[in-house]
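Visitor: Give the three-dimensional model of this entry:
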Amino acid sequence: MPFASTVRLRREIEAHIPERPFTVEFWDGTRLPASNGGGPTFFVRSPRAAAHALLAPGQLGLGRAYVSGDIEVNDVDAVIELLDSWKPPPLESRDKLHLLLGAVRAAGLTRPPRRPASELQPSNRRHTKERDAEAVRHHYDVSNEFFSLFLDDSMTYSCAIFSRGAKTLEEAQEEKLETVCRKLALKEGDRVLDVGCGWGAFPLWAATRHGAHVVGITLSPPQAERARQRAEAAGVADRVEVRVMDYRDLAGERFDAIASIGMVEHVGAEQIDVYARTLAGLLDSGGRLLNHGIARLRHTDPDAGPFSERYVFPDADPLHLPRVLLALERAGFVTRHVEEFGADYAETLRHWARRLDENLDDATRLAGPERVRVWRLYLRAARNGFESGFTSIYQALMRLA
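Guide: Predicted coordinates:
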């Protein structure tokens, strides 16, 4: 880029961030070494990285530079550890100004870079039906084949259970599916709803292993199509119905039991009471609900940052467990049993991240380099969330009074 120079930026970083547990290498061959001799290396490939940071200071600008490939890293796991543990020094206003001027000089004369194509800016109010559908399709409609590169054979996209002796991801997901069926006490002929059925893993398991009749719902048409194909191949198309619909449109139907697996974290604080009342309205007295979802642990932590909102799970809103249980109990449910599986989800994510890394060429072909960068970071950041005590996951077995 014309007139782009890293000299001032490097000088300002050295002056105002003297303790740096990371190395920065710039496109012109210069570098700022880590002050402690260790940590990850950030490769700033282009002046566009500085331009992204100027246009959207903070997490979003850096995220855009990373997604677009203008910033690369040598060790994603080390970056996640750094972001979790390193506290940048407090900066006075004049210090921030000096760093800003250094970034301006590094950007040079360049057109403002475009936002990466994989960034989503949802329209409408949060958690309307239209916006929820847009958010879900942004995350899931990459391609069915992309997800098959790192999920198990059942295409189960939720926490597996390793803590009961499973050795492989496939065994751990079978344990999870059977655990849900056992807790719901499913029997032959039961009519069951699966809220957020994904590619049909739970409906197929409940139909083939327990003789249940299952209605699965999803907001992703490609997921629904694959789930129907799998039900046909398994010979249970007469017992598995998969619909593309919002849970709020289910009024008037009746079920013996409901499984909601990995869906409640997308409902949001604005709709959690509607969610609870809707599910309660689908059951008669004594009906069973198994609510399986991620929950935030610390009440002082901020909401998800703009990187996750734009690139990973738009509008994802894991609530604290007491808020979810309160909504369900207000709707008429009685809490019978709650079980935590945070360590199991961390292990699940470890398997997913490894499998994706083993299939990077195919992943890039199917989803493009931007998405692959997002997913490699997201899977590790999510695992770190479970390991650090930011989030956990709970199964709550409820009975309608």
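Visitor: doesn't Glu25 fall inside a helix?
Guide: No: counting by DSSP: H, G, I helix; E, B strand; the rest coil, one finds Glu25 to be strand, located in no helix.
Visitor: nearest residue to it other than its sequence neighbours?
Guide: The shortest distance from Glu25 to any non-neighbouring residue, by Cβ to Cβ, 6 or more residues apart in numbering, is to Arg31 (4.5 Å). Backbone N, C-alpha and C define where each C-beta goes, glycine included.
Visitor: try Trp199
Guide: Met155 (3.8 Å).
Visitor: Would you check that the one you found makes contact with Leu149?
Guide: No: contact criterion Cβ atoms under 8 Å: Met155 and Leu149 do not qualify, at 11.0 Å.
Visitor: per-residue confidence at the most centrally placed residue in the chain?
Guide: Centroid-nearest residue in the chain: Phe313, 5.2 Å away (criterion: Cα atoms, centre = their mean). pLDDT for Phe313: 80.
Visitor: let's number from 162 now, not from 1
Guide: Will do, 162 is the new start, and the previous item becomes Phe474.
Visitor: Isn't it up against Gly423?
Guide: No: if you go by Cβ under 8 Å, Phe474 and Gly423 don't touch, sitting 11.1 Å apart.
Visitor: tell me the SS of the closest residue to Glu180 other than its chain neighbours?
Guide: Closest residue to Glu180 apart from its sequence neighbours, by Cβ to Cβ, 6+ apart: Ser196 at 5.2 Å. Under three-state DSSP, Ser196 falls in the coil class.
Visitor: and Ser196, how far is that from Glu175?
Guide: Ser196 is 9 Å from Glu175, where distance means Cβ to Cβ, to the nearest Å.
Visitor: More neighbours: the two, which one.
Guide: It is Ser196, of Ser196 and Glu175, that has more neighbours when counted by other Cβ atoms under 10 Å, with 15 against 12.
Visitor: Relative to Pro182, how far out is that one?
Guide: Here the criterion is Cβ to Cβ. By it, Ser196 lies 7 Å from Pro182.
Visitor: repeat for Pro277
Guide: The value you get for Pro277 to Pro182, if Cβ to Cβ is used, is 27 Å.
Visitor: Same question for Ala412.
Guide: Counting by Cβ to Cβ, the gap from Ala412 to Pro182 is 54 Å.
Visitor: These two - which one has more neighbours?
Guide: Comparing Ala412 with Pro182 by other Cβ under 10 Å, the one with more neighbours is Pro182, at 16 against 10.
Visitor: I'd say that one and Gly199 touch.
Guide: Yes: with contact defined as Cβ under 8 Å, Pro182 reaches Gly199; the gap is 6.7 Å.
Visitor: okay, Ala465: pLDDT?
Guide: Here, the pLDDT recorded for Ala465 equals 69.
Visitor: next one: Met316
Guide: 97.
Visitor: how distant is stretch 405-414 from the center of its chain?
Guide: Centroid displacement of stretch 405-414 relative to its chain, using Cα atoms, centre = their mean, to the nearest Å, is 24 Å.
Visitor: May I have the distance across that stretch, first residue to last?
Guide: One end of stretch 405-414 sits 16 Å from the other (Cα to Cα, to the nearest Å).
Visitor: Please apply the same query to stretch 512-530.
Guide: Rule used - Cα to Cα; the end-to-end distance of stretch 512-530 is 21 Å.
Visitor: How far away from the center of its chain is that stretch?
Guide: From the chain centre to the centre of stretch 512-530 is a distance of 16 Å (Cα atoms, centre = their mean).
Visitor: same deal with stretch 192-199?
Guide: From the chain centre to the centre of stretch 192-199 is a distance of 32 Å (Cα atoms, centre = their mean).
Visitor: Give me the mean pLDDT for it.
Guide: For stretch 192-199, the per-residue pLDDT averages 90.
Visitor: can you check stretch 238-249 too?
Guide: Taken as a whole, stretch 238-249 carries a mean pLDDT of 88.
Visitor: Can you give me the first-to-last residue distance of stretch 427-434?
Guide: Start to finish, the residues bounding stretch 427-434 are 13 Å apart (Cα to Cα).
Visitor: give the contact list for Tyr539.
Guide: Tyr539 makes contact with Ser469, Tyr472, Val473 under the criterion Cβ atoms under 8 Å, 6 or more residues apart in numbering.
Visitor: Name the residues of the longest strand anywhere in the chain that are buried.
Guide: Ranked by residue count under DSSP state E, the longest strand found in the chain is strand 444-457. Within strand 444-457, the residues that count as buried by 16 or more other Cβ atoms under 10 Å are Leu444, Gly448, Arg449, Leu450, Leu451, Asn452, His453, Gly454, Ile455, Ala456, Arg457.
Visitor: Can you tell me how far Ile463 is from Glu470?
Guide: Slight slip there: residue 463 is Pro, not Ile. In terms of Cβ to Cβ, Pro463 sits 12 Å off from Glu470.
Visitor: The two: who's more crowded?
Guide: Glu470 (20 against 6).
Visitor: Output the lowest mean pLDDT helix or strand found in this structure.
Guide: helix 467-468 (a mean of 80; mean pLDDT, DSSP states H and E).
Visitor: Please point out which parts of whichever helix or strand comes after that helix sit buried.
Guide: Downstream of helix 467-468, the first helix or strand assigned by DSSP states H and E is helix 482-491. Within helix 482-491, the residues that qualify as buried are Leu482, Val485, Leu486, Ala488, Leu489, counting by 16+ other Cβ under 10 Å.
Visitor: Just put those in TSV and tack on pLDDT and distance to His288.
Guide: TSV is the format used below for these (pLDDT from 0 to 100; distance: Cβ to Cβ, whole Å):
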residue	pLDDT	distance to His288
Leu482	97	19
Val485	98	15
Leu486	98	20
Ala488	98	14
Leu489	98	18
